[in-house]
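Enquirer: Structure for the following, please:
(5 chains)
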Amino acid sequence: MLFEWNGSVLPQLLPRLSILFIYSLLVVYFREDLLSYNIYINPAIFTLFGIALAIFLGFRNTVSYDRFWEGRKLWGALLNDTRSLARQAHTLVEGSDYNKERTHFISLLTALVHALKHQLRQTEADGDLKRLLLNSEDDKFRPMVFKPIMILKDLGVWVNKAKLSGRIDSITQAAFDANLNKISDIIGGCERIASTPIPYTYSILLHRTVYIYCFLLPFGFVESTVWVTPFVIVFIAYTFVALEAIADELEDPFGTQPNDLALEAMSEMIENTLAEIDNKTIVAIPPPKSYYII
Amino acid sequence: MLFEWNGSVLPQLLPRLSILFIYSLLVVYFREDLLSYNIYINPAIFTLFGIALAIFLGFRNTVSYDRFWEGRKLWGALLNDTRSLARQAHTLVEGSDYNKERTHFISLLTALVHALKHQLRQTEADGDLKRLLLNSEDDKFRPMVFKPIMILKDLGVWVNKAKLSGRIDSITQAAFDANLNKISDIIGGCERIASTPIPYTYSILLHRTVYIYCFLLPFGFVESTVWVTPFVIVFIAYTFVALEAIADELEDPFGTQPNDLALEAMSEMIENTLAEIDNKTIVAIPPPKSYYII
Amino acid sequence: MLFEWNGSVLPQLLPRLSILFIYSLLVVYFREDLLSYNIYINPAIFTLFGIALAIFLGFRNTVSYDRFWEGRKLWGALLNDTRSLARQAHTLVEGSDYNKERTHFISLLTALVHALKHQLRQTEADGDLKRLLLNSEDDKFRPMVFKPIMILKDLGVWVNKAKLSGRIDSITQAAFDANLNKISDIIGGCERIASTPIPYTYSILLHRTVYIYCFLLPFGFVESTVWVTPFVIVFIAYTFVALEAIADELEDPFGTQPNDLALEAMSEMIENTLAEIDNKTIVAIPPPKSYYII
Amino acid sequence: MLFEWNGSVLPQLLPRLSILFIYSLLVVYFREDLLSYNIYINPAIFTLFGIALAIFLGFRNTVSYDRFWEGRKLWGALLNDTRSLARQAHTLVEGSDYNKERTHFISLLTALVHALKHQLRQTEADGDLKRLLLNSEDDKFRPMVFKPIMILKDLGVWVNKAKLSGRIDSITQAAFDANLNKISDIIGGCERIASTPIPYTYSILLHRTVYIYCFLLPFGFVESTVWVTPFVIVFIAYTFVALEAIADELEDPFGTQPNDLALEAMSEMIENTLAEIDNKTIVAIPPPKSYYII
Amino acid sequence: MLFEWNGSVLPQLLPRLSILFIYSLLVVYFREDLLSYNIYINPAIFTLFGIALAIFLGFRNTVSYDRFWEGRKLWGALLNDTRSLARQAHTLVEGSDYNKERTHFISLLTALVHALKHQLRQTEADGDLKRLLLNSEDDKFRPMVFKPIMILKDLGVWVNKAKLSGRIDSITQAAFDANLNKISDIIGGCERIASTPIPYTYSILLHRTVYIYCFLLPFGFVESTVWVTPFVIVFIAYTFVALEAIADELEDPFGTQPNDLALEAMSEMIENTLAEIDNKTIVAIPPPKSYYII
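Expert: Presented below is the predicted three-dimensional model:
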């Protein structure tokens, strides 16, 4: 596992690491001239840098991962709440003659999930909406800007119709409504992560600190470590810039990079489990590890 | 990206860093006199300082970012809950003849959002309130001190009117009321962050430690690193004071500095999405990245 | 800002720092004798201490600040929930002839806030209760031990009276009751922080480690840094003991030290905003920064 | 305060620290032989250990304190929710002729608190149950395994009786039931902490690392620090093993060690405040600091 | 305790540590040749590595433990909510003639718990379902993919039947439904942890950094520490790789490794306590420590 190529951040870092390697070689080669001009850095200085570097890298890493994990939790909550709503449609609304309406309710739920996926990835929702909704609904939703929220409103309209037809009372309507509120929170939560990156100044500062640090390193160790210097420095640099690169990918968990959330697979899984609650027979989906594409 | 000028904290730090640079040059120039008077600091001492410095900087940074992110979450929750209330007004209150009242309810919601923005930035709410509310309401709210809370009360009055007119029962009123409670929590949460800074003593201590630390640094490295000293020291100092400067901006997330929250853009976005729920046709707003002005 | 005297922890630390300074001077003066007896400490040892010191100081600091901030959040929630209850009294209870009762309800809320302030600071609540309540109530509450909780019970009695008089039904009563539960949580949360300090052993250990560390420092640096030693050591010691001193103040956020929460100002602010909801005209309070006395 | 004996972990550590002291003395005495055999460790190696040590100790300490504080929060929530239930019994249930039943309800609540205390400490609940409950109830609960949960069920039965007798409707019953759910969460939360220690492997690893580290230390510093070595090393070791010892005490916050939670005092305090809500006159309990026995 | 063999990660690490030991011995043996070729690393370089290593290891450790503890909390919440539902079935549903139905409800709850255990461990649920459910139900659930969710739906059907038979009204049905929602959240929370590992790139990077670091170590210390080197390096390596190994076990808390959660014991405990609420006599289960198999 030590040398495999699947980590996916190494390839994109290779050019920069190669430049650093060649640069270090040059410093080693001209070391005598540099030292004769007193161009030398006390190694203790690098441990002082270390304080700022550790705070920056640790902070960036933690915050990025928290965003990734919060995004995952929101989609987990989306699964839970759509399941709850589907269960409510089947166990709180009276009438065995109402199954077609229930199926429509579940189609709206599924459409909401796919619409949210498309909004977060800024892709076209048309295909999924056409597949899942009535034609009239599809026409209605197409020009809308906040599609998932508008579908949520239609779910509320559905619940109100059930009440007007006497199948539920206002107490049960409130129980549905509480879950609709939760879905509103989930949609807004996803929008918040997608629209608010980590303050840009952090990225710049971290970037600058990491690279200047790496390019100063040879001047501190060329005297004692000589020809081993380039190898060791490139390895140190690799750990720092790779950490920065992963954090950069995780920061926007709804993107399509290798370490981002598998929204596509998760949407399908939600569609599947809602269909099962709606008494459809479904086939076992592949083991859960695959939700999260490695 | 390494040398661009957009990070916005570098310009304000340049004067201090320049003074430190000149000061370091002087120490290097007079190094022989200093050493003859035994004015020298063992470099190991600076790593001991590092402990306190790391705790201070790490703490300040984490707390400031948490305040920024909590402020963002509160405005995200404001989006979610105003959307939920708008949906409730459209799906829980009976009567197709009631649309004018519903639009009024949504105007009150929008006015609340803008009023909160103005309260947090200590700007005048008059323009936005005049634009959104009836004349009589505008006159009523103008002299009030806690405008968002008083608008919230009027939302409660609206709900009670709907109940008195028989369009909702007390169960549905309670469902509205639960969301009004959440808005009360959001308003108070924003006020809490705006009114309670990080204890002042922390800022002083951190400030003192960072600057005294930087001005002691040359005495530790002048002997070994000589003329490279000023360059390296200014770079170390830059990472520390820049970190302090960002933390200072983020500490009050409702301000108008470059890294603060884009309350203006977020208010407009909420106004937009509420209008869409109220069956208005809206145009797509620019991609979400712009909520957060870099 | 670098040398101002407002930080309030420096004065109380001056005596100890002076002793350390004189002690360090003595070590420098007798350095030759000490070294001749081999009384010397390898500086590397101090970085090993650093691990324990960083864990202790970082932990103490984080936990103390978390207690401070949790205390602030609880008082923020008290603001939010009393506002919500005042809004409920005005928008959920029927009858324009009931305004006197509503004002009484809000007086009880205000009395509860002041009573909690007095309980947390172990001061006399009599003045505030007399000012806000009816004479009969004042007599009733005076001998009670848990005054805020008993006032909360009377708020519940008020709600029940409204129900018995037919102005609210049991659904609306439940909506009031949910907010009364939250106030119960807030009161208990404040009591928890006030009654449970950080385990005492931590304070002792941290105290011991910091002071023994500082008094060992001169033996490590006297040989290399000589007469600069006392100045540098006192500065290092200052950062450590000041951090400990702030943490000590924040640990009990309901006290009356300079960095503690401004319970007095916050109680007045709550009284003000509740009065405005009760249709009183209030004057703008000074800008929010003053809630928190620096 | 620096040398007092109340910290309670020092005595139990003295034997180990004494062994370390004697061992260090031996290393110093035989230092010339050791060095002649090249048995020497570069001090820089100990800072590398420091990384693992800091992660282990910091992690152990944080997790243990979090368990302690979560335990405290759960008991704080128990106070809040039992108070809320007592208030509900007095303000939501109709009838001045029902006070005897209300007192019985509050006895059940008090018994639940004591039963939980006994379950967590694995002591006999009989005395407290006999004191607080009717004989028939006492007989019923004695053979039961999960006593607090079974008393909770009886609280639910009490509420249902009030409903069957027409004193509350099902809405008010639901308000009671929501608080009973919270008590169920608290009981289960305490059981979770009591039954799931920190994974054992962590303790072993930390233990091994700390002790081997301390016993290697003399080999790194004997050459430079000579006879001061044993004193300094024992002090370093003391900070590490004391930190481990506190963490060990806090890990199980429901035990009876000096730093554990004062369940006994907290149960009495809850009994007291519930009695006051039940219109009993109580005497002021000693200042809150004593809940938590130092 | 220092040398016992129960920690369970040491055996699996022995081969790698042995290779490192032999490798270090070779470096020591050929040290003169290596130094004559200038193959030497300045020890200060290893403290620079330390920054990245500390961030990686600390992050991995914290995240893995958080996953373990969140898994434990979810199963704790499962205990609490199934108990609450069992209590509700006994105290909110009218009729002493309904006990058989109540027992069936509790069987469904117990089956849900076991089904979740089997889903998370990807084992066969058939045995447990056959033991707990009616034959017809067993046939129905066998082909289903998301068994716990489908059993949850049947719990909702049970509640609806109680309503249709007039034993509860829709308010009480909503109180049941709120707890069913919580169970839906728990099931989805477990699925989230099981299906989303820590981003794979982290594991690779950490793995690479730790091992390359360990294999570079001898070149830094062979000159000063000579024959003691292999022993010290293997001990340092042990702390790092053991930390990584524990984190790896805890990452998937629902597995069957020695440090994973004891789902089997916890399911039995839930079955036991639900049976007691259902008026069965149960025998005391062994002391709680055993839930968590060491």
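
Enquirer: Please count neighbours and contacts with C-alpha atoms only from this point.
Expert: Fine.

Enquirer: Just want the most central residue of chain A.
Expert: Closest residue to the average C-alpha location of chain A: residue A:253 at 1.2 Å, with Cα atoms, centre = their mean.

Enquirer: which element is that one on?
Expert: According to DSSP states H and E, residue A:253 maps onto no helix or strand at all.

Enquirer: Residue A:41 in helix, strand or coil?
Expert: coil (DSSP: H, G, I helix; E, B strand; the rest coil).

Enquirer: Sorry, wrong one. I was asking about residue A:258.
Expert: Quick answer, by three-state DSSP: residue A:258 is coil.

Enquirer: I figured the residue nearest to the centre of chain A hits residue A:70, correct?
Expert: No: assessed by Cα atoms under 8 Å, residue A:253 is found out of contact with residue A:70, at 9.0 Å.

Enquirer: Next, residue A:124: secondary structure please.
Expert: On the basis of three-state DSSP, residue A:124 is classed as coil.

Enquirer: With adjacent residues omitted, what lies nearest to it?
Expert: Nearest non-adjacent residue to residue A:124, counting by Cα to Cα, 6 or more residues apart in numbering or on different chains: residue A:118, 6.1 Å away.

Enquirer: and that neighbour, how many neighbours does it have?
Expert: By the criterion of other Cα atoms under 10 Å in any protein chain shown, residue A:118 has 19 neighbours.

Enquirer: Also residue A:33?
Expert: 11.

Enquirer: Figure out the helix or strand that it lives in.
Expert: helix A:31-36.

Enquirer: Could you check that helix against chain E for contacts?
Expert: No: judged by Cα under 8 Å from any Cα of the partner chain, helix A:31-36 and chain E are separated, with a smallest distance of 14.6 Å.

Enquirer: close to chain B, is the helix or strand just after that helix?
Expert: Next helix or strand after helix A:31-36 toward the C-terminus (DSSP H and E): helix A:44-91. Yes: contact of helix A:44-91 with chain B (Cα under 8 Å from any Cα) involves A:44, A:47-49, A:51-52, A:55, A:59.

Enquirer: so does helix A:44-91 get close to chain D?
Expert: No: using Cα under 8 Å from any Cα, we find that helix A:44-91 stays clear of chain D, coming within 12.0 Å at best.

Enquirer: any idea of the mean pLDDT for that helix?
Expert: Per-residue pLDDT over helix A:44-91 has a mean of 93.

Enquirer: Residues touching stretch A:207-216, excluding its own?
Expert: A:20, A:46, A:49, A:53, A:233, A:237, A:240-241, B:2-3, B:239 (Cα atoms under 8 Å, 6 or more residues apart in numbering or on different chains).

Enquirer: Run the chain-centre distance for it.
Expert: Distance, stretch centre to chain centre, for stretch A:207-216: 28 Å (Cα atoms, centre = their mean, to the nearest Å).

Enquirer: Please identify the buried residues of it?
Expert: By neighbour count with 16 or more other Cα atoms under 10 Å in any protein chain shown, stretch A:207-216 contains the buried residues A:207-211, A:213-214.

Enquirer: average pLDDT across it?
Expert: Here the average pLDDT along stretch A:207-216 is 89.

Enquirer: ditto for stretch A:157-175
Expert: Stretch A:157-175 carries an average pLDDT of 97.

Enquirer: who's in contact with that stretch?
Expert: With Cα under 8 Å, 6+ apart, stretch A:157-175 has contacts from A:92-95, A:105, A:176, B:91-92, B:169, B:171-172, B:175, E:170-171, E:174, E:177-178.

Enquirer: Using CSV, write out every CA atom in it.
Expert: C-alpha atoms of stretch A:157-175 as CSV (Å, rounded to 0.1, in the frame of the first residue of the first chain):
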residue,chain,number,x,y,z
VAL,A,157,-49.7,21.4,-0.5
TRP,A,158,-50.0,17.6,-0.7
VAL,A,159,-50.4,17.4,3.1
ASN,A,160,-52.9,20.1,3.1
LYS,A,161,-55.0,18.4,0.4
ALA,A,162,-55.0,15.2,2.6
LYS,A,163,-56.3,17.4,5.5
LEU,A,164,-59.0,19.1,3.3
SER,A,165,-60.2,15.7,2.2
GLY,A,166,-60.5,14.7,5.8
ARG,A,167,-57.9,12.0,5.8
ILE,A,168,-55.7,13.7,8.5
ASP,A,169,-56.5,16.3,11.1
SER,A,170,-54.5,19.4,11.9
ILE,A,171,-52.5,17.5,14.5
THR,A,172,-51.2,15.0,12.0
GLN,A,173,-50.6,17.8,9.5
ALA,A,174,-48.4,19.4,12.2
ALA,A,175,-46.4,16.1,12.5
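
Enquirer: phi, psi of residue A:42?
Expert: phi -60, psi 120 (degrees, to the nearest 10).

Enquirer: nope, residue A:125 is what I was after
Expert: According to degrees, to the nearest 10, residue A:125 has phi -90, psi -10.

Enquirer: show me the contacts for residue A:136.
Expert: For residue A:136, no contacting residues are found, by Cα under 8 Å, 6+ apart.

Enquirer: That one and residue A:142, how far apart?
Expert: 10 Å (Cα to Cα, to the nearest Å).

Enquirer: Closest residue of the stretch 101-250 of chain A to chain C?
Expert: residue A:171 (10.4 Å; Cα to the nearest Cα).

Enquirer: That residue: which element?
Expert: helix A:170-195.

Enquirer: mind checking how far the helix or strand just after that helix is from the chain centre?
Expert: Later in the chain than helix A:170-195, the nearest helix or strand by DSSP H and E is helix A:200-225. Helix A:200-225 sits 29 Å away from the centroid of its parent chain (Cα atoms, centre = their mean).

Enquirer: got it, and stretch A:67-82?
Expert: 10 Å.

Enquirer: what about that stretch, near chain E?
Expert: Yes: using Cα under 8 Å from any Cα, stretch A:67-82 reaches chain E at A:72-73, A:76-77, A:79-81.

Enquirer: what sits up against that stretch?
Expert: Residues contacting stretch A:67-82 (Cα under 8 Å, 6+ apart): A:109, A:113, A:179, A:182-183, A:186, A:189-190, A:193, A:250-254, A:260-261, A:266, A:270, A:274, E:181, E:184-185, E:187-189, E:192.

Enquirer: again, only using 7 Å
Expert: A:109, A:179, A:183, A:186, A:190, A:193, A:250-251, A:253, A:270, E:184-185, E:188-189, E:192 (Cα atoms under 7 Å, 6 or more residues apart in numbering or on different chains).

Enquirer: mind listing what's buried in that stretch?
Expert: A:67-82.

Enquirer: can you check stretch A:266-283 too?
Expert: Buried residues in stretch A:266-283 (16+ other Cα under 10 Å): A:266-278.

Enquirer: Residue A:61: what's it in contact with?
Expert: residue A:247.

Enquirer: From the chain's centroid, how far away is stretch A:124-135?
Expert: Distance, centroid of stretch A:124-135 to centroid of chain: 24 Å (Cα atoms, centre = their mean).

Enquirer: Stretch A:155-166 now?
Expert: Worked out by Cα atoms, centre = their mean, stretch A:155-166 lies 35 Å from the chain centre.

Enquirer: What sits closest to residue A:146 if chain neighbours are left out?
Expert: Using Cα to Cα, 6+ apart and skipping the chain neighbours, the partner closest in space to residue A:146 is residue B:273 (6.9 Å).

Enquirer: Good, wrapping up.
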